[in-house]
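Peer 1: A predicted structure for the sequence below; I have some questions about it.
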Amino acid sequence: MKVVEVAVGVIKRADKIYISKRADTLHQGGLWEFPGGKREQQESIEQALCRELLEEVNITVLEQQALMVIEHDYGDKKVKLDVRLVEQFLGEPSPQENQLAQWVNIDELNNYEFPQANLPIIEHLMKN
C-alpha cells in the first residue's frame, strides 16, 4: 500500500492553535485537523506546507520548525505526517475551502474529534 506523505501545520499563536474541520466527503471526513496537505513529488516538505497553508487558510509561512513525524495505518490508507510548528506567518488564518475553522486553546483540543493519526500531536502540545 502506498504511503501518502502529508505536510501538517500546527499554527500557533500564544496558547491557541488553529484547527479546521475536514469536509465530509474526504477520508476521515467530519473530523477536526491541523491544516496541511499532500506533498507533491517535486516539493520539499517545507515547500508543501507553505503551498498548502496559503491555499487552505491564506497565510504566508515565514518560519517553520519540525515538530514530529507520525506514521499511521488506517487500514484503507497509510499516512506519513510531517508535522511542523508555524508561529511566524503573514496574514490572519481564514478558511479558503468552505471548511469550518477556528482558534482553540491548547488545553481544549481534547474536546474536538481528530483522526487517530493526529492524537500524538495533541498529546505533545498538551505536555509542552
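Peer 2: Done, it's in. Just so we're clear, the structure is a prediction, and the values are computed from it rather than from any experiment.
Peer 1: Glu56: neighbouring residues, count only.
Peer 2: 20 (other CB atoms under 10 Å). Backbone N, C-alpha and C define where each C-beta goes, glycine included.
Peer 1: Look at the nearest residue to Leu100 once chain neighbours are set aside and say how many residues are nearby.
Peer 2: Nearest residue to Leu100 in three dimensions, chain neighbours excluded: Lys21, at 4.2 Å (CB to CB, 6 or more residues apart in numbering). When neighbours are defined as other CB under 10 Å, Lys21 has 17 of them.
Peer 1: same check, this time on the one 3 residues further on
Peer 2: Other residues near Asp24 come to 8 when the count uses other CB under 10 Å.
Peer 1: For Gln41, see how far away the residue most central in space within the chain is.
Peer 2: The centre of the chain sits closest to Phe34, judged by CA atoms, centre = their mean, with a distance of 2.7 Å. For Phe34, the distance to Gln41 equals 23 Å [CB to CB, to the nearest Å].
Peer 1: How about the contacts made by Lys77?
Peer 2: By CB atoms under 8 Å, 6 or more residues apart in numbering, the residues touching Lys77 are Met1, Val4, His27.
Peer 1: Revised request: answer the last question for Leu90.
Peer 2: Residues near Leu90 by CB under 8 Å, 6+ apart: Ile59, Thr60, Leu62.
Peer 1: The last one looks like it's in a helix, true?
Peer 2: Meaning Leu62. No - applying DSSP: H, G, I helix; E, B strand; the rest coil, one finds Leu62 to be strand, outside a helix.
Peer 1: distance of the closest residue to it other than its chain neighbours from Tyr74?
Peer 2: Residue nearest to Leu62 in three dimensions, not counting chain neighbours: Gln88, with 4.0 Å by CB to CB, 6+ apart. Separation of Gln88 from Tyr74 (CB to CB): 32 Å.
Peer 1: and if you look at Glu43?
Peer 2: Here the criterion is CB to CB. By it, Glu43 lies 23 Å from Tyr74.
Peer 1: Next: Ile122.
Peer 2: Following CB to CB, the distance that separates Ile122 from Tyr74 is 17 Å.
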